[in-house]
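# Sharing a model prediction with you, sequence too.
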Amino acid sequence: MPHLRSLLPTLLLVLLAAGCAASREADDAASPVSKAGFVRDVYPFPVYDEAGAPYEHPFLGGFNVPRPQFIDIDGDGDLDLFVQEVTGAVKFFENTGTPGAARYVWRTDRFHDLDVGEWYRFFDLDADGDFDLLAEERYSFVRYFRNEGTPETPVFKLAEDSLKDAGGKPIFSDRQNIPNLTDIDCDDALDLFIGKLDGTVMRYESVGRDADDVPRFRLLTERFENIEIVAQLSGSRHGANTLALTDIDGDGDQDFFWGDFFEPGLLFIRNTGTCASPSLRSEPVPFPPGHPFRTSGYNAPFFADIDADGDVDLFVGVLGGAFNPIKTSADNFYFFEQTDDGDFVERTRRYLKTLDVGSESVPAFADLDGDGDLDLFLSNKIAPDDFNTAQMHRFENVGAPDAPVFRERGTMPLHAAFHYVPAFGDLDADGDLDLLVGTWTRGKVALYRNEGTPTAPDLRLETEEYLRLTRGSNAAPALVDIDADGDLDLFVGEFSGTVNFYRNDGTPHAPAFTLVSDEYLGIDVGQRSFPVFHDLDGDGDFDLILGAEAEGLVVYRNDGTPQAPAFVRDDDALRLAVPALATPAFVDLDGDGDADFVTGGLSGGLLYYERR
């Protein structure tokens, strides 16, 4: 009876909860032109890493829990790519290259606007030559979308809310366990495999279709081949898992692969039987044999011949299991090429190379070097390679004010803290930019004074506690002259979702921030308020836009004056698809006189919307 047991500390229960929560981020459709004239663009201008290599998909938004699948969805002979990052939606990338040299272009964050719950699988379930879709029906059942189009032009229609077995009973599939299908015994009937939390595998076999042309499956066994892959955690078992079956050794039968929450790699069971009579009773071994890879766990494998050389290659989306998901919050889309000798060689950990600094990204734009164009500063929650602090990455604009080209220049030397939120502003009226940095720790805001010049900045830490919120954490500062008196006032968002207002009762040269309210105007966006100010409606005063953990963007239109603002909530002013923990910024990056929209979020990257 194949099995694997691991003894793990009780602390991993916390990591389990964090890993599952990461997949529940909300996301909306890739937007057409919005009411305010914003249009999503993944490829607006070039961005390069420190070595000068391009980020090929710079503004995808990042990945924390990618679940990939490669199929030819448009019938042109090459493999297109689907990636699920958030619950309920699948990103689609069209292959504009060739079968042997794929080139992927982002098309949408919500393929056909299909609600796939927590997982998805494309298969031809009705044997009509095109791909149908199975997905999670909330919670933990199986939804069936039938393709009523063609192999070249799919049209998906919901055919069954919950797939049923031969007796008419809904098939249960725990939402954290990603099932799979294959014809395991070569009888021309698809088999459905569902991993269970105890590490065993249920096998269903297709028994044809019912009167509504919906597939039905008969449960053959709850312990397929007596496989049992479990992890032991303080006396309790858990096996959140993904599974895949493919003929890895070219002997004509299907081999078995298992990614588990408590397994740092991928487990492999070789099929020692035949196609008609499978046998998967050997002990599972880490894959590839001899030099297995290790991640933070909960690895979602998919096999595809991406280079059209006649053998399958391996792709792994790392969902983040029991071995510290922080370390794979950026490097989590692995590609292993199968070589001529049957070995699997790691080629990259970022198959889709995009701006991604880990998790909970925060952008800021400032001309810190005084060369007339805006540079990009991108912060995160915790550095994937240093668990003791966050990081703020600097991308120098080496292009022009109306044609930016960003080149990564390393990280800023900031004090150790978590959840950096930067706000640039000239706080002492000496002509150069100073820096406030909000942090998670006790709601502190640090001050970095610029002791250099406008063209040669020298940011020096003056104090880690320039101010501290009256309560809570996750300080998110925003500097703005809200009363048009010539000095910068300060607003600070926080974990609780309210907004703190500090009026500058000093001067432009010597600010003195006085707390007016820690619940400004009664505003409450639920959790994690992130305030920014921008004249959204072009009437000459600042409107207030807030990012939030769950509400997306919340707009308060200023119906007052520049000297006496009067904020009124306006839920129709700005409807954009943004990630959870949105961190908005408005900035004119293309030099056309209006501000474009950029936001970070939970997955660690950036989204860009051009205002047209």
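Looks like it arrived, so ask away. In this text, all values refer to a predicted model and were calculated from it rather than measured experimentally.

# buried stuff in the host helix or strand of Y556?
Using DSSP states H and E, Y556 maps to strand 553-558. Judged by neighbour count using 16 or more other CB atoms under 10 Å, the buried positions of strand 553-558 are L553, V554, V555, Y556, R557, N558. Just so you know, the C-beta spots here come from the backbone N, C-alpha and C atoms, and that holds for glycine as well.

# what's the answer for stretch 37-55, then?
Those would be F38, V39, R40, V42, P44, F45, V47, Y48, Y55, for stretch 37-55 by 16+ other CB under 10 Å.

# can you check stretch 211-231 too?
P215, R216, F217, L219, F224, E225, I227, E228, I229, V230, A231.

# Save those as a markdown table, and put in pLDDT, distance to Q563 and secondary structure too.
A markdown table is the format used below for the buried residues of stretch 211-231 (pLDDT from 0 to 100; distance: CB to CB, whole Å; DSSP: H, G, I helix; E, B strand; the rest coil):
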| residue | pLDDT | distance to Q563 | secondary structure |
| --- | --- | --- | --- |
| P215 | 93 | 67 | strand |
| R216 | 96 | 70 | strand |
| F217 | 96 | 69 | strand |
| L219 | 97 | 72 | strand |
| F224 | 97 | 72 | helix |
| E225 | 96 | 75 | helix |
| I227 | 94 | 71 | coil |
| E228 | 91 | 71 | coil |
| I229 | 88 | 67 | coil |
| V230 | 74 | 67 | coil |
| A231 | 64 | 63 | strand |
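
# Just the closest of those to N504, please.
Lowest distance from N504 to those (CB to CB) belongs to A231, with 55.2 Å.

# what sits against G593?
Shown in contact with G593 (CB atoms under 8 Å, 6 or more residues apart in numbering): no residues.

# To what extent is R103 buried, counted in neighbours?
Number of residues near R103 (other CB atoms under 10 Å) recorded here: 12.

# now do the same end-to-end measure for stretch 243-263.
13 Å (CA to CA, to the nearest Å).

# my bad, stretch 268-278
15 Å.

# which stretches of the stretch 151-300 of the chain have low pLDDT?
Within the stretch 151-300 of the chain, the segments meeting pLDDT under 70 span 231-239.

# for the chain, same thing?
1-36, 231-239.

# cutoff 50 now
1-32, 234-235 (pLDDT under 50).

# in it, which spans are helices?
12-22 (DSSP state H).

# Which one of the buried residues of stretch 37-55 is nearest to L114?
R40 (18.6 Å).

# Identify the bridge partners of that closest one.
On the basis of DSSP bridges, R40 is bridged to Y609.

# For the strand holding Y556, which strands pair with it and how are they oriented?
Strand 553-558 has the following strand partners under DSSP bridges: strand 543-547 (antiparallel), strand 567-569 (antiparallel).

# what about the closest residue to S517 other than its chain neighbours, distance to L553?
For S517, ignoring the flanking residues on the chain, the nearest one in space by CB to CB, 6 or more residues apart in numbering is F501 at 5.1 Å. From F501 across to L553, the span is 20 Å (CB to CB, to the nearest Å).

# Repeat that for N241.
36 Å.

# go on, P565?
From P565 to L553 the distance is 19 Å (CB to CB).

# Do you have the strands of the stretch 51-200 of the chain handy? List them.
67-71, 80-84, 91-95, 104-108, 120-123, 132-137, 141-147, 156-160, 180-182, 191-195 (DSSP state E, counting those that start in this stretch).

# need those in TSV with distance to G425, can you?
Compiled in TSV, the strands of the stretch 51-200 of the chain are given as follows (distance: least, CB to CB, whole Å):
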stretch	distance to G425
strand 67-71	41
strand 80-84	38
strand 91-95	36
strand 104-108	34
strand 120-123	45
strand 132-137	46
strand 141-147	50
strand 156-160	49
strand 180-182	53
strand 191-195	53
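
# List the contacts of the residue lying closest to D174 once chain neighbours are set aside.
Distances taken as CB to CB, 6+ apart put S140 closest to D174, at 5.2 Å, once the chain neighbours are dropped. By CB under 8 Å, 6+ apart, the contact set of S140 is F172, S173, D174, R175.

# between the residues you listed, which is nearest D115?
R175 (13.2 Å).

# Could you tell me how many residues sit around the closest one?
Neighbour tally, R175, other CB under 10 Å: 18.

# Excluding chain neighbours, what is closest to it?
Using CB to CB, 6+ apart, the closest residue to R175 is E118 (4.2 Å).

# was I right about the one you found contacting E85?
No. E118 is beyond contact range of E85, at 11.8 Å (criterion: CB atoms under 8 Å).

# Look at the spatially closest residue to D212 that is not a sequence neighbour and say how many residues are nearby.
Leaving aside its sequence neighbours, D212 sits nearest to A159 (CB to CB, 6+ apart; 7.1 Å). The local packing of A159 (other CB under 10 Å) involves 21 other residues.

# show me what contacts A159?
A159 neighbours (CB under 8 Å, 6+ apart): Y144, F145, R146, D212, D213, V214.

# Who is the residue lying closest to S361 once chain neighbours are set aside paired with across the strands?
Nearest residue to S361, sequence neighbours excluded (CB to CB, 6+ apart): G600, at 3.3 Å. Going by DSSP bridges, G600 is paired in beta bridges with T583.

# Go ahead and confirm G600 touches S359.
No. The criterion here is CB under 8 Å, and G600 misses it with S359 at 9.9 Å.

# the more surrounded of the two?
More crowded of G600 and S359, by other CB under 10 Å: G600, with 31 against 26.

# Against D535, how distant is that one?
For G600, the distance to D535 - CB to CB - is 22 Å.

# among the strands of the stretch 51-200 of the chain, which is nearest D426?
Among the strands of the stretch 51-200 of the chain, if distance is taken as CB to CB, the winner is strand 104-108, at 37.9 Å.

# Against N332, how distant is the nearest residue to P325 once chain neighbours are set aside?
Nearest non-adjacent residue to P325, counting by CB to CB, 6+ apart: S296, 4.7 Å away. Distance, S296 to N332, using CB to CB: 8 Å.

# Comparing those two, which residue is more hemmed in?
N332 (30 against 24).
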